[in-house]
Every structure is written in structure tokens, then in C-alpha cells.
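> my questions are about this predicted structure, shown below with the sequence.
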2 protein chains.
Amino acid sequence: MPGTEITTLGEFGLIRRLTENIVPKNPSTLQGVGDDAAVLDYAGRQILLTTDLLLEGIHFDLTYTPLKHLGYKAAIVSFSDIYAMNGKPRQITVALGVSRRFCVEDIEEIYQGLYLACENYGADLVGGDTSASLTGLTLSITCLGETEKHKTVYRHGAKETDIVCVSGDLGAAYMGLQLLEREKNVFAGEKDFTPDFAGKEYLLERQLRPEAREDIVDLLDKAGILPTSMIDLSDGLASELLHICRESRVGCRIYEEQIPIDFQTASMAEQFHMNLTAAALHGGEDYELLFTVPLTDYEKISALKGVRPIGYITQAAQGSYLIGRDGGEIKLIAQGWPSL
Amino acid sequence: MPGTEITTLGEFGLIRRLTENIVPKNPSTLQGVGDDAAVLDYAGRQILLTTDLLLEGIHFDLTYTPLKHLGYKAAIVSFSDIYAMNGKPRQITVALGVSRRFCVEDIEEIYQGLYLACENYGADLVGGDTSASLTGLTLSITCLGETEKHKTVYRHGAKETDIVCVSGDLGAAYMGLQLLEREKNVFAGEKDFTPDFAGKEYLLERQLRPEAREDIVDLLDKAGILPTSMIDLSDGLASELLHICRESRVGCRIYEEQIPIDFQTASMAEQFHMNLTAAALHGGEDYELLFTVPLTDYEKISALKGVRPIGYITQAAQGSYLIGRDGGEIKLIAQGWPSL
């Protein structure tokens, strides 16, 4: 009897199936699988724990990814999960599998990126495992972070009438990837190709060397705003918003015209004849924060730079929809797991 | 200019080069890279953090490794690092990269092994990342553990005249691997080969489904013995003992005739015409505990079942040697990093 193909469940269906029967045994385990990070309690201190895996050919292409940027991005991906719980990263461990074609200096470059990210975000690299690999480069980062008690923000706290907000702008990392892939194909076979990326630097930076939104976490804290739910945008706005809606048992309406998009992203989408809204909804790798705040915080949140209200939370029965520029409602769907 | 080959440094040389300049920024980071696990302090609770990476073709061969055993072993490898610090495992996260040839049921088997290990050792699986992989199976486990303050045991505490002890017996996992590799070659090409392993079950179990020595940690605690240094045997007795000696700035003498070896291991070595002591010294994957205790604990330690004194600690200047059955001294050397 052939087994069930993973694509029939998708990544999140698979995770649910694998983890649905877990009953935590330790009093220190407050929340396990199902959010950006696990939440643990040690002597009253809330500790966050998250792991990310980056595999060559799936998550990165070394044709155009400098190793230092790869190390930096790997750490950022992990930090972003901690900020999405309203926490601060404290320690990371690194599991690294490298094949023969890498030399010591290559690995040092990856570590330089990791150290720079740790420096910029106040984390310590405290351990790891380095191994030979028969195939590609494998990089797994685990981050331990910390939140103040009662200030941990989960995916499951969104309430009807809450405002849906997003930081920064969306779709740029995806457009950066399209740009890099196109240049790779154009220059196929040529070594060390150096295409002209003038005027598109922002897109490349968003793809190759993203930042995590510690500043937004601090900004909200200073403004006295505690989000009711939060998640980071690694898989695209639609997918992540549906996570919040499912976990919070609510629906939502977001406005297409409110989705923040940078000029370079829009111009690139036009050049590529791509749907700009689709890029923002499904592009992924933005590492922005998506969160909800109570309606009573509307004035406070509107006054903040770098944060944009894009819609509101409804009852679950009303479903989750994008309201288009023409006023039509389009059902939000999560993308599948294209890489499997 | 071609880069430096990793083999010129070896695994531990590489790690030292990558991590020698770390200065921890967080007060919660008590000790980073350089022991079985990092040691963190959160509100006075000592937390241990360790990561291990298992790659197909390097650490395991799916020709003869049942997926459930693989999951079990992956967790055990991680728990063993926590016990080696005199701690208890509490939470694990799992990073899993799987290629198209795996189905949902395969991944469930890996998870069944992980859950069983968590059940047996009192840990919770609290998170992870599952991804497609273009190549082989990738598995990285991070374990968070806990020790009582003042009871954390490092590699660096061994003192002159301390007794060197080891739990269980050594070399069996290595012999199990040799046996499996031989049968794989004999049955090459045949699917689902079922060789006769009668009388060699212990060797296979040690290789495919090892256990971590929680019982030894408990036994020492009940006997009122706090080791001065400890490490787990993943890379072989010689390599691990040299870690303790280097970190503690001491030397050692261990007696060949005192190294505990099971009958099945000895009989298999004879059959394979292999040097039994070499298998015990360099075999690896025993996941036993190697530790030192003060000379004043000699009587206590001698009374414990499953623990064997195998030698003593000297001044660093006296070097690290194995005393052979004939009384001759053989300098202990660590094996390289054969897989790169």
C-alpha cells in the first residue's frame, strides 16, 4: 500500500497531524507547538524557544546568496519568530552541515553573518553542531528568547472588532527573489555574473539580508499598546492572517488598498507583468509583523510610523476576505507547500 | 587563492576557530560553546541548551535504520548531552527536512520514535520546523534541560588524583555498525533483506536504539557523589577523555584492562579480526557517561553497579596515556573527522 503523499496534507496539515496528540508533561511547558515559538516558564520567567531549518536549493540558492548574508538571514528568521511573541532574542545555537566543496573561510563567512546578526539584535551564539554533509548546505538555528510575564503575545488572542495591522511594506522580498532568479537565468553558465541592479537595491536587500522588527516591538511597548495577537510574515500575509484567524476562531476583512507596498516593489511587478497584490499576499519572507490591537487603540496605532492598519477582525462565521479596490470581496486562501 | 580545507583543522579545530572570539552580551549566558550544552541562568534557574544535527549518509543509513529508531536515537543523542551536564531534559524542538520519496506515514514513524523517547525521559516536544529537502533526510534536535544550581557539571572541573569512571560498556554500538554494514554489503541489491542477527541483538540495539544514562545521573545523586567533570561518549572514549583533560588542564592514565566491554562486543571483534581496545577507544556512539570523581569518593563509586573506575587524573605535564595489559603506555589520540 503506497503511503499518503505529503502534498495532500500540506506543511501545516502535516504538522497538525504529527502534533495533535501532545500532552505536555513538564510544568515548565506552557505552550508547545502551534505558535511562532514555544512558551516555557522557568521560575516565573517566560522563555521562548523556536527552531528554523534552511536547506540549500529550497530556502536559498548559493548562486546569488553571499554566505555572510545567508548566516545573517538565518539568524534573522529565528529572531523574527521571537519578536512575533513580543519577546527579545537572547541565545542561539547553530546546526551546520557542510559538504566538501566548502572551505574553512566559507564557514567563517556564514559565522560572520551570524555574529553580526547577534550583535545587532543583542543575542549570544552559545552552541551548536557542525558536521560533514554528503549533499548541500544545511543550516538550522534555534533561538531562545524571553518575554515579560503577561506580555507574551500569541496567535490566538484576536477578538472581533480588533484592528489588523502590519509593519513595513510587503512583497519586496518576493520581487527581489524574482529579480535574482531572472538574472541567474539570463547569466546562466557565466561565473560571478554581475548584473546591473541599480534602482532595485531595496528588493535585493529585502530578499538577501532582511531585518527583524525589534523596533516595532519597542515602538508598540512605548506607545502602551499590547497586541491581542501577533505573527511574523514568513509565508505571506494571507497564510499568516489565516493562522491568526484559525487560532483565534475569528474572521477578518482586509483592504487591498491599505496593504503597504514600496515603490520599487510596484515598479518591478509592473515590469514582470505580475499581480502586485498577489505578491504582497503570498510572496513571503517579508519578516514584517502582522498583529491585531483593540479598536480602542485606533488613535494610538494610527500615530505610529511604520505601522499600517489594513483591516479588522470579524466573527468566524463571516469568513476571511480581502476587499478589493473595486469593493468586491475575495476569499483569502493560503498557498500550499510549493517546494514539496 | 584556494581556501583552507576543513580536514586540516578537524571538527574541533574548526569549532574553536569559529567561536574563539565570542564575548557573551547577555547576563543570562553563563557558558556558551565548549561543553556538552550551553549553560544559561534565568531567574536563578540553570538552563541547558544543546543542538545536534543528524544527516542521512553521514550519521545514519536508511537501508538498515528503521525510521522510528532514527527518531528515538535523535532524541537520545540530545538527552545524553543534557545528562552529561548532570541535568534533566525538559523540552525539545525538531527541525526536519524530508525529500519527495518520504510519505506522511514515514514522518509519523520518525515522530513516534521522538515521542517515545520524550515519554521515556520526561521531555516535551514543543516545536520545530518541517521542510522539503532536495536531497536526503535532515534531522536536527535542540534540547532544553535544567540542572540544580551548584550541581551543573562541566568538562573543566577534573583535578589531579580524581578517579576516571565510565558507565556501562563500550564499543558495542561500533560493532553493531560494522555488523550492519557487513550485512548490507552481503545483501546488496536485495530489498528488505533479513539477515540472521541471533546472538548479536545487543550490538544492534546499541547502534540503532541507544539509551541515555539518566539512571547513572540519578544513581550518583542518590550516592551523594557530584562528579568533578563529565562528558558523554558520542565520539569514543579517547576523544572525549582528551576533551576533559584539555578543558581541565590535566593529564590522565587509564587502564586497558579496566575498560568495560560486553561479551558480544568482544566476540564480534574477534570474528571481524578487529582490535577490541581500538573499538572501545574510538568507536563512538556509546552514549555512556565519562566522568571524574574525587579520590575520597573511591569507596562510594566502587559500590555502584554499572559504573567502572578506569584510571585517574594526573598533572597536565604527564600527558594522557592508556596503560596496556602489558604495562606499556600508549599515548591517547583523538580520531579525526573521518566524514569530511
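Sure thing, it's come through.
> next, the residue nearest to A:Ile22 when sequence neighbours are not counted: phi, psi?
Excluding its sequence neighbours, the residue lying closest to A:Ile22 (C-beta to C-beta, 6 or more residues apart in numbering or on different chains) is A:Gly32, at 5.8 Å. The C-beta positions use only the backbone N, C-alpha and C, and glycine is treated the same way. Phi and psi for A:Gly32, reported as degrees, to the nearest 10, are phi -100, psi -130.
> count of neighbours near A:Gly32?
21 (other C-beta atoms under 10 Å in any protein chain shown).
> A:Thr142 too?
By the criterion of other C-beta under 10 Å, A:Thr142 has 31 neighbours.
> from A:Gly127, how far off is it?
Separation of A:Thr142 from A:Gly127 (C-beta to C-beta, to the nearest Å): 9 Å.
> can you list residues touching both of the two?
Shared contacts of A:Thr142 and A:Gly127 (C-beta atoms under 8 Å, 6 or more residues apart in numbering or on different chains): A:Thr93, B:Leu49, B:Thr51.
> okay, now A:Tyr298: neighbour count?
13.
> mind checking if whichever strand or helix holds A:Leu70 is in reach of chain B?
For A:Leu70, the element it lies in under DSSP states H and E is helix A:67-83. No: counting by C-beta under 8 Å from any C-beta of the partner chain, no contacts exist between helix A:67-83 and chain B, the nearest distance being 9.4 Å.
> what's the following helix or strand after that helix?
Once the chain leaves helix A:67-83, the next helix or strand it forms, by DSSP H and E, is strand A:88-98.
> adjacent strands (with direction) for that following strand?
Strand A:88-98 sits in its sheet next to strand A:124-132 (parallel), strand A:138-147 (antiparallel), going by DSSP bridges.
> give me the helices and strands touching the helix holding A:Leu70, please.
On a contact count with 3 or more C-beta pairs under 8 Å, 6 or more residues apart in numbering or on different chains; DSSP states H and E, helix A:67-83 meets strand A:45-55, strand A:88-98, helix A:104-121, strand A:138-147, helix A:214-222, strand A:229-232.
> what angle separates that helix from strand A:124-132?
With axes from the mean of the first three to the mean of the last three C-alpha atoms, to 10 degrees defining the directions, helix A:67-83 sits at 130 degrees from strand A:124-132.
> for the closest residue to chain B within the stretch 101-250 of chain A, grab phi and psi.
Closest to chain B within the stretch 101-250 of chain A is A:Cys103: 2.7 Å, counting by C-beta to the nearest C-beta. With angles defined as degrees, to the nearest 10, A:Cys103 sits at phi -110, psi 170.
> chain neighbours aside, what residue packs nearest to it?
In this structure, A:Cys103 finds its nearest non-sequential neighbour in B:Gly3, 2.7 Å apart by C-beta to C-beta, 6+ apart.
> right, and the one you found touches A:Asp106 too?
Yes: when contacts are counted by C-beta atoms under 8 Å, B:Gly3 is listed as touching A:Asp106 (6.4 Å).
> more crowded one of those two?
Shown here are B:Gly3 and A:Asp106; by other C-beta under 10 Å, A:Asp106 has more neighbours (17 against 12).
> how about the more buried one, what does it touch?
Taking C-beta under 8 Å, 6+ apart, one finds A:Leu67, A:Val98, B:Gly3 in contact with A:Asp106.
> ok, for the first one, nearest residue in space, not its chain neighbours?
Closest residue to A:Leu67 in three dimensions, ignoring its sequence neighbours and counting by C-beta to C-beta, 6+ apart: A:Glu109, at 3.9 Å.
> pLDDT score for that neighbour?
Confidence at A:Glu109, expressed as pLDDT, is 96.
> got it, and A:Ser339?
pLDDT, read off for A:Ser339, is 35.
> quick one: low-confidence parts of the stretch 101-250 of chain A?
A:189-194 (pLDDT under 70).
> recalculate using a threshold of 50.
Within the stretch 101-250 of chain A, no stretch has pLDDT under 50.
> quick check: residues of it near chain B?
Of all the residues in the stretch 101-250 of chain A, those in contact range of chain B (C-beta under 8 Å from any C-beta) are A:102-108, A:111, A:115, A:118, A:122-136, A:138, A:140, A:142, A:144, A:146.
> quick check: ChimeraX command selecting the buried ones in those residues.
Buried residues within these, by 16 or more other C-beta atoms under 10 Å in any protein chain shown, are selected in ChimeraX with:
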select /A:102,103,104,106,107,108,111,115,118,123,124,125,126,127,128,129,130,131,132,133,135,136,138,140,142,144,146
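> is it correct that A:Ile225 is in contact with A:Thr296?
No: with contacts counted by C-beta under 8 Å, A:Ile225 stays clear of A:Thr296, the gap being 10.1 Å.
> the two: which is more packed in?
Neighbour tally, A:Ile225 and A:Thr296, criterion other C-beta under 10 Å: the higher count belongs to A:Ile225, 18 against 10.
> three-state assignment of A:Asp41?
Using DSSP: H, G, I helix; E, B strand; the rest coil, the secondary structure recorded for A:Asp41 is strand.
> could I get the contacting residues of the closest residue in space to A:Ser302 that isn't next to it in sequence?
Nearest residue to A:Ser302, sequence neighbours excluded (C-beta to C-beta, 6+ apart): A:Pro309, at 6.7 Å. With contact taken as C-beta under 8 Å, 6+ apart, A:Pro309 is in contact with A:Ile163, A:Val164, A:Cys165, A:Gln258, A:Tyr298, A:Ile301, A:Ser302.
> ok, what's across the strand from A:Pro309?
In this entry, A:Pro309 is beta-bridged to A:Cys165, by DSSP bridges.
> then the one 5 residues further on?
According to DSSP bridges, A:Gly251 are recorded as the beta-bridge partners of A:Thr314.
> just give me how far stretch A:115-133 sits from the chain centre.
Centroid displacement of stretch A:115-133 relative to its chain, using C-alpha atoms, centre = their mean, to the nearest Å, is 19 Å.
> tell me the contacts of the spatially most central residue of chain A?
Nearest residue to the geometric centre of chain A (C-alpha atoms, centre = their mean): A:Ser234, 2.4 Å. When contacts are counted by C-beta under 8 Å, 6+ apart, A:Ser234 touches A:Val77, A:Ser80, A:Glu240, A:Gly284, A:Glu285, A:Asp286, A:Tyr287.
> list buried residues within those residues.
Buried, going by 16+ other C-beta under 10 Å: A:Val77, A:Ser80, A:Glu240, A:Gly284, A:Glu285, A:Asp286, A:Tyr287, out of the contacts of A:Ser234.
> who are the neighbours in contact with A:Val307?
When contacts are counted by C-beta under 8 Å, 6+ apart, A:Val307 touches A:Cys165, A:Val166, A:Ser167, A:Ile216, A:Leu219, A:Leu220, A:Ile301.
> contacting residues for the closest residue to A:Glu5 other than its chain neighbours?
In space, A:Glu5 comes closest to B:Cys103 once its chain neighbours are excluded; the distance is 6.2 Å by C-beta to C-beta, 6+ apart. Contact partners of B:Cys103, counting by C-beta under 8 Å, 6+ apart, are A:Pro2, A:Gly3, A:Thr4, A:Glu5, A:Ile6.
> name the member of these with the most neighbours.
Counting neighbours by other C-beta under 10 Å, A:Ile6 comes out on top of the contacts of B:Cys103 with 22 neighbours.
> so it touches A:Leu14, yeah?
Yes: with contact defined as C-beta under 8 Å, A:Ile6 counts as touching A:Leu14 (5.9 Å).
> any shared contact partners between those two?
With C-beta under 8 Å, 6+ apart as the test, A:Ile6 and A:Leu14 both reach B:Val104, B:Ile107.
> next one: stretch A:269-280 to chain centre, how far?
20 Å.
> can you list the domains in chain A?
What automatic domain parsing lists as the domains of chain A is A:25-147, A:163-331.
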